[in-house]
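1. Build me a model from this:
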Amino acid sequence: MRTSLRPLLAETKQCIHAAPDHVSLERARLVTQAYRLHAGAPMPLRRARAFAHILHHMTLDLDTNPLFAGNVSPGPRAWMLLPEYGFSVPAQALVEKPALATLLDDDVVPDDLRAFWKKRALGGDAGIGHLIPDHARVLATGLDAIACQAEQAPDDGSEQAVFRRAMAVGCRAVIAWAARYAGTAEIAARRGGDPLRAACLRRVAAACRRVPAYPPRDLFEALQAVALLHMAVHIEGHGYSVSLGRLDQVLLPYYDPARDNDDLSELLAAFMLVLEGNALWGSHSKTQPITLGGIQVDGRDASNPLARAFMVAWELISTPEPVLFLRWHGSLPRDIKERAAGMLAAGRNMPMLVGDRATIAGLVSARIAANDAADYAIIGCNELGVPGKLMWESVAIHGAGLIRELLIERAAALPSMAAFLAALEERATAKLLAEVRWRLDARQREAACTPTPFTSALMDGCLESGVDLVGGLPYMSINVRDAGFANTVNSLAAIARVIYDEKLATPADLAAALEADYAGHEPLRRALCGAATWGNDDSATDRWALAWLEVRDRACRRVEQVLGIPRLLPELVTRSLHHLEGARLAATPDGRRAGDPLGDSVGAVLGSARRGPTALMASVCGMNAALHWPGGYNLNISLPATRWSQPGALDEVIALVDGFFDSGGQELQLAVLDADTLREARAHPDRHPDLIVRVAGFNARFGELSTVEQDELIARAEAVG
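-> Have a look, this model is predicted:
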């Protein structure tokens, strides 16, 4: 198709962003009907037949984006509810967009639906998600071949045989759903009107007659197949962070430079708008990442023209989703580095950067096979996964909160810093043991109550073993989210200096100050704040980062030994949890008062990185990410637009990034911010409709963010201005 797609791209983007958030009850009604119809069936078959019922009856949305088929609801920003988990707005949505708090109030969800699911819902507000289907394998074989494999397996009446039948039902349902889209698109194309729209709909119809049932024959069919598979995974019941994986690698076999280059970036932009239009939670970010670049197993550069084209495509549309991650390494071509650095220097806040050296080494250290580690991709905010093999489940450990508890409960039994660390390790181990046991129990509940046979068919080994993905993947590690890491480090540094070295107060004095939220203890609080300097390349503080990491990792090893489980993968994923969890946490020994946000990454607490970005990077690189952060972290660094957006800054950005990753850095989130621009955008959002910002673990249009998030971004910009 040689005609420019830009008019339709603009219309599609406007259609998505102009729509208000509202609720669609369609899926909730259909899944309820199916549960009643198939109440006596084993749960995997009940789930598969419910999935098929939804796909057979749901309204098909080709109005939002006529360039590709695929949505989870009848229209843009029409929330697709997941009653199997409950009826609630995700907690992080309430932080990011408080206006969504009333979306499900009153009688939006009818009483009969609430009554049916009251005792059946698993709880929570979202499906499992946090996974990467094995798109390369599915495209190469097609769903028909996967369904045939499941159908031809011996049916001995076992649970495994039942699960394989459910997988086949799911695959056949998606094939039929694609055929419905083909027929609907053909009818829409015959209605006349805009010739370009009609041509696009005919192309959609032709593709949906073939994919995802059979292997695609060209790039468009491959993209259409991925779009349908992605939406189907959400419709089956998965929530946050269904990743597209390494799409530049997955799509390469279907890319023909002679045929595709004329409109390549426009085609990829149209595909990205399918992801932006995903109506699962309306305008609330679903964190749907695409990973580009990286190295091959043998260490050679794996980047290709599609990696370049995806970055150009994102610039064409500048939407919050999808999020682009670029795997950075020593042999990454200069033009790709320049494209990424140029986007960042221009304030695009995109792409996020991940260093192959430390990341692959960390996964290998966690006993991931080298060839799988080299194939890693980002799953959600910044978590690490392997397509089809390693999904993300997590438990949280709040080091600063544990330190607070320890002081309040055992102040008299902490005569030295050595005794303090020993007690902290004991407490961390007990807390982690309880959390991991809960997660293992939750895994069993999920497999029993909300299995996802179709999604499991897209993952490695699940069809062969006949089990759900939450128990059947090659790597079933649990991530340990090190929440409020900077506050933990600063708390230890402050205690060591103020309490044990300078003896300005006793542990009991500090415990009293914490219980009083520092009321009447301001001199002590000032001393604690002055001693807490993580992120400034200060060895006196940075050594406490290593002390905490060693405590945490020893706790992980002890839990693994007690429970007989694979390696736990420590990581730091924040998104907006630093606000949510900070609001729930009382005062901490770093001088932080009750309710204040926690640190937003592995970097310094907001406003405390006084020595600039290179000092902050030095502190972070000193932690040895390959050893201590095998599950991934994010480092947020803000740079002033007055300097870094200048033409000559491109080489400086590249040098800064190269230096970070060469020194062992793992993940880097660079934002070039201007406080005045952000303030104007807050006052006049209509003047800056495409101001896309990266908050911590998600992207958003600045004008749609909550005041809390806007204030944080302005504060970041002021801190570096």
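
2. tell me the pLDDT at Gly721?
-> Gly721 carries a pLDDT score of 64 in this model.

3. Kindly apply the preceding question to Arg497 instead.
-> 97.

4. Please give the number of neighbouring residues around the nearest residue to it once chain neighbours are set aside.
-> The shortest distance from Arg497 to any non-neighbouring residue, by CB to CB, 6 or more residues apart in numbering, is to Ala531 (4.2 Å). Just so you know, the C-beta spots here come from the backbone N, C-alpha and C atoms, and that holds for glycine as well. Neighbour count for Ala531, taken as other CB atoms under 10 Å: 24.

5. Quickly note the distance from Ala531 to Asp542.
-> 13 Å (CB to CB, to the nearest Å).

6. With Tyr214 instead?
-> Counting by CB to CB, the gap from Tyr214 to Asp542 is 56 Å.

7. One more: Arg481?
-> With distances taken as CB to CB, Arg481 is found 22 Å from Asp542.

8. so what are the domain limits for this protein?
-> Split into domains by automatic domain parsing, the chain comes to 6-210, 394-634.

9. So which of these is nearest Asp686?
-> Proximity to Asp686 (CB to CB) singles out domain 6-210 among these, at 11.7 Å.

10. Turn the domains of the chain into CSV, columns for distance to Leu264.
-> Output for the domains of the chain, formatted as CSV (distance: least, CB to CB, whole Å):
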stretch, distance to Leu264
domain 6-210, 13
domain 394-634, 26
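
11. out of those domains, which comes closest to Asp375?
-> Short answer: domain 6-210, nearest of these by CB to CB, at 9.3 Å.

12. pLDDT on that closest one, on average?
-> 95.

13. So the residue minimising distance to the centre of the chain versus Ile128, what's the distance?
-> Taking CA atoms, centre = their mean, the centroid of the chain lies closest to Gly380, which sits 1.6 Å from it. From Gly380 across to Ile128, the span is 12 Å (CB to CB).

14. Who are the contact partners of the closest residue to Ala423 other than its chain neighbours?
-> Spatially, and ignoring its direct neighbours in sequence, Ala423 is nearest to Leu406 (5.7 Å; CB to CB, 6+ apart). Residues in contact with Leu406 (CB atoms under 8 Å, 6 or more residues apart in numbering) are Leu414, Phe420, Ala423, Leu424, Arg427.

15. So Leu458 is in contact with Val138, correct?
-> Yes. The pair Leu458 / Val138 is scored as a contact, 5.5 Å apart, by CB atoms under 8 Å.

16. that older thread, if you count surrounding residues, which of Tyr214 and Asp542 has more?
-> More crowded of Tyr214 and Asp542, by other CB under 10 Å: Asp542, with 21 against 17.

17. per-residue confidence for the more buried one?
-> pLDDT, Asp542: 95.

18. ok now the helix or strand hosting it, how far from the chain's centre?
-> Using DSSP states H and E, Asp542 sits in helix 539-563. Put simply, helix 539-563 sits 25 Å off its chain's centre (CA atoms, centre = their mean, to the nearest Å).

19. What helices and strands are in contact with it?
-> Applying 3 or more CB pairs under 8 Å, 6 or more residues apart in numbering; DSSP states H and E, we find helix 539-563 packed against helix 417-449, strand 479-483, helix 485-494, strand 569-571, helix 613-621.

20. which one of those is the most hemmed in?
-> Highest mean neighbour count of those: helix 485-494, a mean of 29 (counted as mean count of other CB atoms under 10 Å).

21. Which SSE is immediately downstream of that helix?
-> Per DSSP H and E, the first helix or strand lying C-terminal to helix 485-494 is helix 507-515.

22. Determine the set of other helices and strands touching that following helix.
-> Applying 3+ CB pairs under 8 Å, 6+ apart, we find helix 507-515 packed against helix 399-410, helix 522-531.

23. Could you check the angle the first one makes with helix 539-563?
-> Helix 399-410 and helix 539-563 meet at an angle of 80 degrees, taking axes from the mean of the first three to the mean of the last three CA atoms, to 10 degrees as the criterion.

24. likewise the last one?
-> In terms of direction (the same axes, to 10 degrees), helix 522-531 departs from helix 539-563 by 90 degrees.

25. So what touches helix 522-531?
-> Outside helix 522-531, the residues that touch it by CB under 8 Å, 6+ apart are 490, 493-494, 496-498, 502, 504-505, 509-510, 513, 518, 541, 589-591.

26. now do 7 Å
-> With contact meaning CB atoms under 7 Å, 6 or more residues apart in numbering, helix 522-531 is reached by 493-494, 497-498, 504-505, 509-510, 513, 518, 589-591.

27. Dump those residues into JSON lines; add distance to Ala615 as well.
-> JSON lines is the format used below for these (distance: CB to CB, whole Å):
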{"residue": "Ala493", "distance to Ala615": "15"}
{"residue": "Ala494", "distance to Ala615": "19"}
{"residue": "Arg497", "distance to Ala615": "19"}
{"residue": "Val498", "distance to Ala615": "23"}
{"residue": "Leu504", "distance to Ala615": "26"}
{"residue": "Ala505", "distance to Ala615": "29"}
{"residue": "Asp509", "distance to Ala615": "32"}
{"residue": "Leu510", "distance to Ala615": "28"}
{"residue": "Ala513", "distance to Ala615": "29"}
{"residue": "Tyr518", "distance to Ala615": "28"}
{"residue": "Pro589", "distance to Ala615": "23"}
{"residue": "Asp590", "distance to Ala615": "19"}
{"residue": "Gly591", "distance to Ala615": "20"}
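
28. nearest to Asn536, of these?
-> Each of the contacts of helix 522-531 was checked against Asn536 using CB to CB; the closest is Ala493, at 11.0 Å.

29. ok, that closest one touching Asp542?
-> No. Applying CB atoms under 7 Å, one finds Ala493 not in contact with Asp542, separated by 8.7 Å.

30. can I get the contacts of Leu406 in TSV with distance to Leu384 and pLDDT?
-> Putting the contacts of Leu406 into TSV (distance: CB to CB, whole Å; pLDDT from 0 to 100) gives the following:
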residue	distance to Leu384	pLDDT
Leu414	36	96
Phe420	32	98
Ala423	32	98
Leu424	27	98
Arg427	27	98
